[in-house]
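Student: What shape does this take:
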Amino acid sequence: MIDPADALPRHHPFRLRHLALAGRSLSLYQVADPNALADAVDPASFAQDERFPYWAELWPSAIALAAFLLRTGTGAGEDALELGCGLGLAGVAAALNGARVLFTDFEPDALAFACANHALNLGTLGQGRELDWRAPPGDLSASLVLASDVLYERRFLDPFLRTLEAVVRPGGRALVAEPGRAIAAGTVETLDASRFDRDLHLEEIDLEERTHSVWIHELRRR
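Tutor: All right, here's what the predicted structure looks like:
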């Protein structure tokens, strides 16, 4: 039987976190000290590619999207694709519902954690693929596309939207979770209205003695 921890990058000390969401118990590997990763960021790499370890944090939007997926049973029997997967919590939730998940991220270490977290909760190593939104490959598509808290940097908004539009299959849908950042206002609404129908869901979660409100944009491809 696979030991999920064997799939983690050896250069990152890690810790195990347990979550109770929508009546389900999940476990998640996280980087032990995300702040140490942030302190070690190379300024030149950050300036060129925004290479900052956002992926190492477990953000409220990811927890909210995972809770929404588990509560609604979304993903059963579907091919799912998580964009900017980070630790992979949303993809793991979809997989627990019966989805076949492909994790994608710009950072190889994020993919390693996401795939290990799939193994931790489902017993089999997850599938991952590096993806740069500025140059998405033409062979990726899914009936369910997931993304959480990726709308935070203006220069990546348009590449994300173009990638999102390219990978959602006709008849499929995307779920994009974001915490109401000002930069995200009106963003998904720029997608071609003739190709997508939209619904908006509010998910509230209690985390660290605070209630977080997260908006989940459901985009259905015609």
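
Student: so who does the closest residue to residue 157 other than its chain neighbours touch?
Tutor: Distances taken as C-beta to C-beta, 6 or more residues apart in numbering place residue 187 nearest to residue 157, at 5.8 Å, with adjacent residues excluded. Where C-beta positions appear, they are placed from N, C-alpha and C, glycine not excepted. When the contact criterion is C-beta atoms under 8 Å, 6 or more residues apart in numbering, the partners of residue 187 are 151, 157, 161.

Student: Then residue 104?
Tutor: 81-85, 111, 128-131, 140.

Student: most surrounded residue in those residues?
Tutor: Comparing the contacts of residue 104 by number of neighbours (other C-beta atoms under 10 Å), residue 85 comes first, having 34 neighbours.

Student: Tell me where this structure has helices.
Tutor: Counting by DSSP state H, the chain has helices at residues 34-39, 43-49, 60-72, 89-96, 108-122, 157-167.

Student: Average pLDDT for the last one, rounded please.
Tutor: For helix 157-167, mean pLDDT is 94.

Student: What pLDDT is listed against the residue lying closest to residue 106 once chain neighbours are set aside?
Tutor: Using C-beta to C-beta, 6+ apart and skipping the chain neighbours, the partner closest in space to residue 106 is residue 132 (5.9 Å). pLDDT recorded at residue 132 is 94.

Student: next one: residue 53
Tutor: For residue 53, pLDDT reads 70.

Student: That one contacts residue 30, correct?
Tutor: No. Using C-beta atoms under 8 Å, residue 53 is not in contact with residue 30, being 11.5 Å away.

Student: quick one on the thing from earlier: which of the helices of the chain comes out lowest on mean pLDDT?
Tutor: Minimum mean pLDDT among the helices of the chain: helix 43-49, a mean of 58.

Student: Residue 154: how many residues sit nearby?
Tutor: Neighbours around residue 154, by other C-beta under 10 Å: 9.

Student: Return the distance of it relative to residue 194.
Tutor: Using C-beta to C-beta, to the nearest Å, residue 154 is found at 25 Å from residue 194.

Student: out of everything not next to it in sequence, what's closest to the residue positioned nearest the centre of the chain?
Tutor: Taking C-alpha atoms, centre = their mean, the centroid of the chain lies closest to residue 85, which sits 3.4 Å from it. Spatial nearest neighbour of residue 85, chain neighbours left out: residue 103 (4.2 Å); criterion: C-beta to C-beta, 6+ apart.

Student: measure the one you found to residue 197 for me?
Tutor: Residue 103 is 26 Å from residue 197, where distance means C-beta to C-beta.

Student: So between the two, which is more surrounded?
Tutor: residue 103 (31 against 11).

Student: For that one, give me its contacts.
Tutor: 82, 85, 88, 91, 111, 114-115, 118, 126-129.

Student: Now do the residue nearest to residue 157, the pLDDT please.
Tutor: At residue 187, pLDDT is 90.

Student: do the same with residue 57
Tutor: At residue 57, pLDDT is 91.

Student: residues in contact with it?
Tutor: By C-beta under 8 Å, 6+ apart, the neighbours of residue 57 are 34, 86.

Student: Great, nothing more from me.
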